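**Q** Sequence and predicted structure are below.
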Amino acid sequence: MKLPQFELHRPNSVDGASQLLTELGDDASAYSGGTELLLAMKLGLIKSRHLVDLKPLAELRGIELRPGGVWIGAGVTHREIESSPAIRAVLPPLAGMASQIANVRVRAIGTIGGNLCFADPNSDPATLLSALGARLRARVNGESVEFSPEEFIEGPYQTLLRPGDLLLGVWIPALPAGSAAVHLRMKIHERPSVTVAALVGVTRGEVVAARLAVGSVGPKVLQVELGEELRGLSGVGFSTRVRSLMALLAGSIPLLPERPESPEYQRHLVRLLGARALEAGLEGARN
Amino acid sequence: MSPVTVQAVVNGDQVKRSIPPNLLLIDFLRDEMGLTGTKQSCEVEVCGACTVLVDDEPVSSCCYLAADIDQRRVETVEGLVGTPFHNRVVEAFLRHAAVQCGFCTPGLLLTAKAMARREAAPTELELREALAGNLCRCTGYHSVLQALAEVLGSEGPA
Ligand SMILES: Cc1cc2nc3c(=O)[nH]c(=O)nc-3n(C[C@H](O)[C@H](O)[C@H](O)COP(=O)(O)OP(=O)(O)OC[C@H]3O[C@@H](n4cnc5c(N)ncnc54)[C@H](O)[C@@H]3O)c2cc1C
């Protein structure tokens, strides 16, 4: 397979890239690692006559530990996230999640921004970032605006960005004291079939906060706050309530049609992995 | 299409070319440079047959613009030939029968080379995770893991 013809542009600032993308409109695509874009172009699914290279833009690079959390530029690769000492120290589940994505080659050049902007429903980062309460900072209509992952991703292969808009990076708040985050996934094909992530907080061994995100099965990540339902629980009481909540959630979660996995199997995985993630979250938060 | 100039180091040699922006790295290497050790197979970044190293990182050359090697170092399997690493790998692959048709071998060697540069003695799990993206239809992987574990100085499968 060959690539169709296109012009390659290399602006030297986010402003320049955004301006160029605005002028070229639907004829152009932002181009980062290209692991999705070039593939889709080879297959004739995306027909852009101009690629605007974001890789050289220093503004989109870098992982920064700041008071209260971590900033990750949209142009940071999965590989950089998995091997970042800062992220390994402050948000180990994020490093762990990144190390599970795709294969070493896709991780070496595929970026977190490209993953979120492509909005493939089978995304690991979208699910974990949702559970972590991350904020996505984008340049929209020339202004810098923040969104939750659930707001940013509107549906399969659809974000709220319009031509000229760019994702700048992701702000991830540090884990609150006494809490733990867990990301679990099940993969049969290349991309995950089910992704779940839990954030559980405890005080004196009992749950005070719980959030679950479920992705890859439905058109977009589903985030549910379970703090009310699980507050004050621990041990068997927690497990029993988690099982019944997950049965309910798995039974009602919207699924994408025409998936290789049967709906029964997908619901089964959601129930199982969701319960495991919450259990592991409680366990982690207590230690 | 306006041509793009790339200046890169390919297997230690300085290369300067004017190329169309839509030229894929695999086609640049195979057709322009005659480096046919890089194999084309799945074409969708899954099988690893087209793995080459760009600045020491393994990439799928089937989905990588040749224009992006500008100011970078590229290594293909041809660049490994004659190095001590290559000699040891060849010897171990033959002894463990880790090669049959050989189509996946260049990709495996480059993935292993990148791993060797990064980890002193990778654990078996690290080795498995790094190699998970290189598909082989002949060997069943066990012999490959055994051979590479030996070369990389780690605990291999029993
Ligand atoms: C074989 C394979 C296996 C995979 N497995 C997994 C997996 O297990 N889990 C998982 O989560 N993902 C998986 N992926 C997806 C992978 O994470 C993405 O391919 C990668 O992160 C995309 O990043 P990129 O930089 O290559 O994006 P590109 O291909 O460069 O861009 C993707 C899209 O995003 C747009 N874009 C990129 N950056 C920006 C920006 N800053 N602002 C606005 N728009 C932008 C582009 O215009 C394009 O439409 C897999 C992909 C492959 C090919």
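**A** Thanks, I have it. Numbers count the residues shown, from 1 in each chain, chains lettered A, B, ... in the order given.

**Q** what helix or strand is the closest residue to A:Asn12 other than its chain neighbours on?
**A** Closest residue in space to A:Asn12, ignoring its immediate chain neighbours: A:Pro56 at 6.8 Å, by C-beta to C-beta, 6 or more residues apart in numbering or on different chains. All C-beta spots, glycine's among them, are computed from the backbone N, C-alpha and C. Applying DSSP states H and E as the criterion places A:Pro56 outside every helix and strand.

**Q** Check A:Ile81 too.
**A** helix A:78-83.

**Q** so how far is that helix from its chain's centroid?
**A** 14 Å (C-alpha atoms, centre = their mean, to the nearest Å).

**Q** quick one: buried residues of it?
**A** Going by neighbour count (16 or more other C-beta atoms under 10 Å in any protein chain shown), the buried part of helix A:78-83 is A:78-82.

**Q** and it, what does it pack onto?
**A** On a contact count with 3 or more C-beta pairs under 8 Å, 6 or more residues apart in numbering or on different chains; DSSP states H and E, helix A:78-83 meets helix A:92-100, helix A:104-109, helix A:112-118.

**Q** in the shortest one, what's buried?
**A** The neighbour-count criterion (16+ other C-beta under 10 Å) identifies A:104-109 as the buried residues of helix A:104-109.

**Q** same deal with stretch B:47-59?
**A** Buried residues in stretch B:47-59 (16+ other C-beta under 10 Å): B:47-54, B:57-59.

**Q** Toward the C-terminus from the longest helix along chain B, list the very next helix or strand.
**A** Across chain B, the helix with the greatest residue count (assigned by DSSP state H) is helix B:105-118. Counting by DSSP H and E, the next helix or strand C-terminal to helix B:105-118 is helix B:124-131.

**Q** now for the next helix or strand after that following helix, which elements pack on it?
**A** Proceeding N to C from helix B:124-131, the next assigned helix or strand is helix B:142-152, under DSSP H and E. Packed against helix B:142-152 by the contact rule (3+ C-beta pairs under 8 Å, 6+ apart) you find helix B:84-95, helix B:105-118, helix B:124-131.

**Q** Can you name the residue of the stretch 1-150 of chain A nearest to the ligand?
**A** As assessed by C-beta to the nearest ligand atom, the ligand sits closest to A:Gly114 within the stretch 1-150 of chain A, at 2.1 Å.

**Q** confidence score at the nearest residue to that residue once chain neighbours are set aside?
**A** Nearest non-adjacent residue to A:Gly114, counting by C-beta to C-beta, 6+ apart: A:Ser32, 4.4 Å away. pLDDT recorded at A:Ser32 is 98.

**Q** about what we covered before: to what extent is the residue of the stretch 1-150 of chain A closest to the ligand buried, counted in neighbours?
**A** By other C-beta atoms under 10 Å in any protein chain shown, 23 other residues sit near A:Gly114.

**Q** Show me what from chain A comes close to chain B.
**A** Proximity of chain A to chain B is confined to A:1-8, A:34-35, A:38-39, A:42, A:51, A:55, A:79, A:99, A:102-106, A:108-109, A:190 under the rule C-beta under 8 Å from any C-beta of the partner chain.

**Q** if you set the cut-off to 6 Å instead, what comes out?
**A** A:1, A:3, A:5-6, A:8, A:38-39, A:103-106, A:108-109, A:190 (C-beta under 6 Å from any C-beta of the partner chain).

**Q** between those, which is closest to chain B?
**A** A:Asn103 (2.5 Å; C-beta to the nearest C-beta).

**Q** Could you find the closest non-adjacent residue to A:Leu54?
**A** A:Ser32 (4.9 Å).

**Q** Leaving out chain neighbours, which residue sits closest to the most centrally placed residue in chain B?
**A** With distances taken as C-alpha atoms, centre = their mean, B:Leu110 lies nearest the centre of chain B, 3.0 Å away. What sits nearest to B:Leu110 in space, not counting adjacent residues and going by C-beta to C-beta, 6+ apart, is B:Thr51, at 4.8 Å.

**Q** beta partners for that neighbour?
**A** Bridge pairing for B:Thr51 (DSSP bridges) gives the partners B:Ser60.

**Q** The helix or strand where A:Leu212 lies: partners in the sheet, and parallel or antiparallel?
**A** Per DSSP H and E, A:Leu212 falls inside strand A:206-215. Next to strand A:206-215 in the sheet, as set by DSSP bridges, lie strand A:194-203 (antiparallel), strand A:222-225 (antiparallel).

**Q** how about the residues of chain A that lie near the ligand?
**A** A:29-37, A:39, A:54, A:74, A:101-102, A:106, A:110-111, A:113-115, A:117-118, A:123-125, A:161, A:166-167, A:190-192 (C-beta under 6 Å from any ligand atom).

**Q** Give me the buried subset of these.
**A** A:29-37, A:39, A:54, A:74, A:101-102, A:106, A:110-111, A:113-115, A:117-118, A:123-125, A:161, A:166-167, A:191-192.

**Q** how many neighbours does the residue in chain B positioned nearest to chain A have?
**A** Going by C-beta to the nearest C-beta, chain A is nearest to B:Gly133 of chain B, at 2.5 Å. Burial of B:Gly133 is recorded as 22 neighbouring residues (other C-beta under 10 Å).

**Q** Isn't it up against B:Gly48?
**A** Yes. The criterion here is C-beta atoms under 6 Å, and B:Gly133 meets it with B:Gly48 at 5.1 Å.

**Q** Domains in chain B, by residue range?
**A** Annotated domains of chain B cover B:4-79, B:82-152 [automatic domain parsing].

**Q** Kindly indicate whether A:Gly218 is helix, strand or coil.
**A** Of the three states, A:Gly218 takes coil under DSSP: H, G, I helix; E, B strand; the rest coil.

**Q** okay, now it: neighbour count?
**A** Counted with other C-beta under 10 Å, A:Gly218 comes out at 17.

**Q** so it makes contact with A:Pro254?
**A** Yes. Assessed by C-beta under 6 Å, A:Gly218 is found in contact with A:Pro254 at 4.6 Å.

**Q** who in chain B is up against chain A?
**A** Going by C-beta under 6 Å from any C-beta, the residues of chain B near chain A are B:1, B:21-22, B:43, B:45-46, B:57-60, B:63, B:67, B:130, B:133.

**Q** Tell me which two in the residues you listed are the farthest apart.
**A** Farthest pair in the residues of chain B next to chain A (C-beta to C-beta) is B:Met1 and B:Ala130. Separation: 36.3 Å.

**Q** No further questions, thank you.
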